[in-house]
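> I'd like to go over a predicted model; first the sequence, then the structure.
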Amino acid sequence: MNIQDWLTQLISPLAADPLDWESYCVTMNDATWKALWRDVEATQSYEDGLEAGLRLLRATQQHRVQLGPQRYQANQMLLYRRILLMLDKADRWDVYLAAWETIRAQTSECLPVRGDALMGGDVQLAAFVRRADGGVGVPPIPYGASFPKTIAVHFLYPQLRRKTMIERKLAQERAGKLSADRRPLGRNALTADEVQSRLAEIRESARREADRL
């Protein structure tokens with residue numbers, strides 16, 4: 001089976017949803033993963049890529065126990081970023097922004113960042129910092145105290161600049177100041193409501209699974 005056949009099988013409505021463990025592992029394997037997204041990029045099949053990303057995200061939740069905490073979180077972050085990338089590539093700016101906000105609100109996965117990054121003057125960084133008590137933001141640092149060596153920053157923070165650019169593009173388009181045509185929407189493209197519904201279903205599944213563990 002070539003990679004195009006694998007993608008077709010992956011997004012087929014008749015396919016098991018979520019994927020069985022073996023198919024999931026094959027798809028997330030580095031060689032298959034790279035070939036899959038190279039094909040999506042080469043054919044500009046971004047709607048298929050979106051469907052694949054959502055299906056794999058749901059499967060990641062289904063196989064949470066087998067994956068273990070570290071791989072589970074890594075795969076979650078990888079797939080959420082891939083879903084946003086597909087919406088970005090497809091020029092679906094309004095859906096991208098809605099999905100971005102939903103993902104930020106529903107997830108808590110973080111990346112380690114050097115604590116002295118707080119000295120860089122980026123006022124938005126603090127809003128993405130996760131504290132040990134589960135809260136968001138950096139508590140006041142007493143005078144003379146050192147910054148922590150590392151801070152936990154929500155994994156979407158590196159995509160903030162791109163999000164801001166898309167917000168600007170959408171505002172310019174709505175104001176009639178952007179003349180470039182957006183990529184036409186495919187006939188079978190998921191609607192904005194369908195994307196949000198899928199994300200909500202996955203989040204609810206994750207919540208139920210967390211309650212059980």
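Cool, the structure landed.

> any idea which helix or strand carries the residue most central in space within the chain?
In the chain, the residue lying closest to the centroid (CA atoms, centre = their mean) is Tyr80, at 1.7 Å. Take DSSP states H and E as the rule and Tyr80 turns out to sit in helix 64-89.

> helices or strands up against that helix?
Packing contacts for helix 64-89, counted by 3 or more CB pairs under 8 Å, 6 or more residues apart in numbering; DSSP states H and E, involve helix 30-43, helix 46-62, helix 93-106, helix 192-212. All C-beta spots, glycine's among them, are computed from the backbone N, C-alpha and C.

> give the buried residues for it.
Buried residues in helix 64-89, counting neighbours by 16 or more other CB atoms under 10 Å, are found at 64, 67, 72-73, 75-89.

> which one, of the helices and strands packed on helix 64-89, ends up nearest to Gln9?
helix 46-62 (10.3 Å; CB to CB).

> quick check: Gly68 vs Ala74, distance?
Applying CB to CB, to the nearest Å, the value for Gly68 to Ala74 is 10 Å.

> so Ile151: helix, strand or coil?
Judged by DSSP: H, G, I helix; E, B strand; the rest coil, the three-state class of Ile151 is strand.

> identify the residues contacting it.
The contact partners of Ile151, by CB atoms under 8 Å, 6 or more residues apart in numbering, come to 112-115, 117-118, 129, 138.

> sketch out the low-pLDDT regions of this structure for me.
Along the chain, the model assigns pLDDT under 70 to residues 1, 13-18, 121, 139-142, 144-145, 179-180, 209-211, 213.

> picking that back up, surely the residue nearest to the centre of the chain touches Arg104?
No - assessed by CB atoms under 8 Å, Tyr80 is found out of contact with Arg104, at 9.6 Å.

> joint contacts of those two?
In contact with both Tyr80 and Arg104: Leu156, using CB under 8 Å, 6+ apart.

> which residues touch Ile83?
Contacts of Ile83 by CB under 8 Å, 6+ apart are 50, 53-54, 57, 99, 103.

> if we use 6 Å, what do you get?
Residues in contact with Ile83 (CB atoms under 6 Å, 6 or more residues apart in numbering) are Gly53.

> next, find the distance separating Tyr46 from Arg104.
Separation of Tyr46 from Arg104 (CB to CB): 22 Å.

> and for Leu118?
On the measure of CB to CB, Leu118 and Arg104 end up 20 Å apart.

> got the phi and psi for Pro112?
Main-chain dihedrals, Pro112, degrees, to the nearest 10: phi -80, psi 130.

> got phi/psi on the residue lying closest to Val136 once chain neighbours are set aside?
Nearest residue to Val136, sequence neighbours excluded (CB to CB, 6 or more residues apart in numbering): Arg130, at 6.2 Å. Main-chain torsions, Arg130, degrees, to the nearest 10: phi -100, psi 120.

> give me the neighbour count for Arg130.
Arg130: 16 surrounding residues under other CB atoms under 10 Å.

> partners of it in the sheet?
For Arg130, the beta-bridge partners are Val136, Ala152 (DSSP bridges).

> does it touch Thr150 like I think?
No - contact between Arg130 and Thr150 fails when scored by CB atoms under 6 Å: they sit 11.7 Å apart.
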